[in-house]
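Peer 1: Fold the following and give me the result.
(chains A and B)
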Number of protein chains: 2
Amino acid sequence: MYVIVVYDVEQARVAKVCKYLRRYLHWVQNSAFEGEITEAQLEKLKSGLKKIVDPDCDSIYIYRLPQERYLHKEVIGQKKANLEQFLD
Amino acid sequence: MYVIVVYDVEQARVAKVCKYLRRYLHWVQNSAFEGEITEAQLEKLKSGLKKIVDPDCDSIYIYRLPQERYLHKEVIGQKKANLEQFLD
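Peer 2: All right, here's what the predicted structure looks like:
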């Protein structure tokens, strides 16, 4: 499956969340990662994130799509990550 | 169609970008908006954003899906926006 992860976490945990997400996904820009991932990897990712974040103030959204081909991506301004501009 | 917009813009333009995106989409968390939008509205949104951002340093990613039902959303921590946790 394909996922997009966006996070809004306290400054103290940004680097840790970012480093952790890099294990599984591609960095897109500040606060966003994406990539192809298996169900098992996603479960690990979620479990790991839950150990890092403070649920009372941090927020992480995980958008899941069955396949990358359902997604069309367009960039305005800097394309910070080294990814294909259009996924389909 | 359904879109997710994530932005990474200089502090000086954050409020302007945020205010502009609110015209068309729902705020999700810092740096992320989403919502159902028509093709015509999306064209207007992109055109407006291009007038606000500095393409040399700002970055806005627009993820487009044909239908909301392709998307599954999960939240870890705070669900900052008042949206359904699961879209399908």
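Peer 1: Please count neighbours and contacts with C-alpha atoms only from this point.
Peer 2: Noted.
Peer 1: check contacts around residue A:64.
Peer 2: Residues near residue A:64 by CA atoms under 8 Å, 6 or more residues apart in numbering or on different chains: A:1-4, B:71-73.
Peer 1: Is it within a helix or a strand, and which one?
Peer 2: strand A:59-65 (DSSP states H and E).
Peer 1: Can I get whatever helix or strand comes next after that strand in PDB, CA atoms only?
Peer 2: Following strand A:59-65 in sequence order, the next helix or strand is strand A:72-77 (DSSP H and E). Extracted in PDB, the C-alpha atoms of strand A:72-77 (Å, rounded to 0.1, in the frame of the first residue of the first chain):
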ATOM      1  CA  HIS A  72      -1.700  12.200  -8.500                       C
ATOM      2  CA  LYS A  73       0.900  14.600  -7.000                       C
ATOM      3  CA  GLU A  74       1.600  18.100  -8.000                       C
ATOM      4  CA  VAL A  75       4.100  20.500  -6.500                       C
ATOM      5  CA  ILE A  76       4.000  24.300  -6.400                       C
ATOM      6  CA  GLY A  77       7.400  25.900  -5.700                       C
END
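Peer 1: Now find how far off-centre strand A:72-77 is within its chain.
Peer 2: 16 Å (CA atoms, centre = their mean, to the nearest Å).
Peer 1: That strand pairs with which strands, parallel or anti?
Peer 2: strand B:59-65 (antiparallel) (DSSP bridges).
Peer 1: Quick one: low-confidence residue ranges for chain A.
Peer 2: A:82-88 (pLDDT under 70).
Peer 1: who in it is up against chain B?
Peer 2: A:6-8, A:29-32, A:46, A:49-50, A:53-66, A:70-80 (CA under 8 Å from any CA of the partner chain).
Peer 1: what's the nearest residue to residue A:37 if we skip its chain neighbours?
Peer 2: In space, residue A:37 comes closest to residue A:1 once its chain neighbours are excluded; the distance is 5.6 Å by CA to CA, 6 or more residues apart in numbering or on different chains.
Peer 1: show me the contacts for that neighbour.
Peer 2: Contacts of residue A:1 by CA under 8 Å, 6+ apart are A:36-39, A:64-68.
Peer 1: Apply 10 Å and report the result again.
Peer 2: Neighbour list for residue A:1: A:35-39, A:42, A:64-68 [criterion: CA atoms under 10 Å, 6 or more residues apart in numbering or on different chains].
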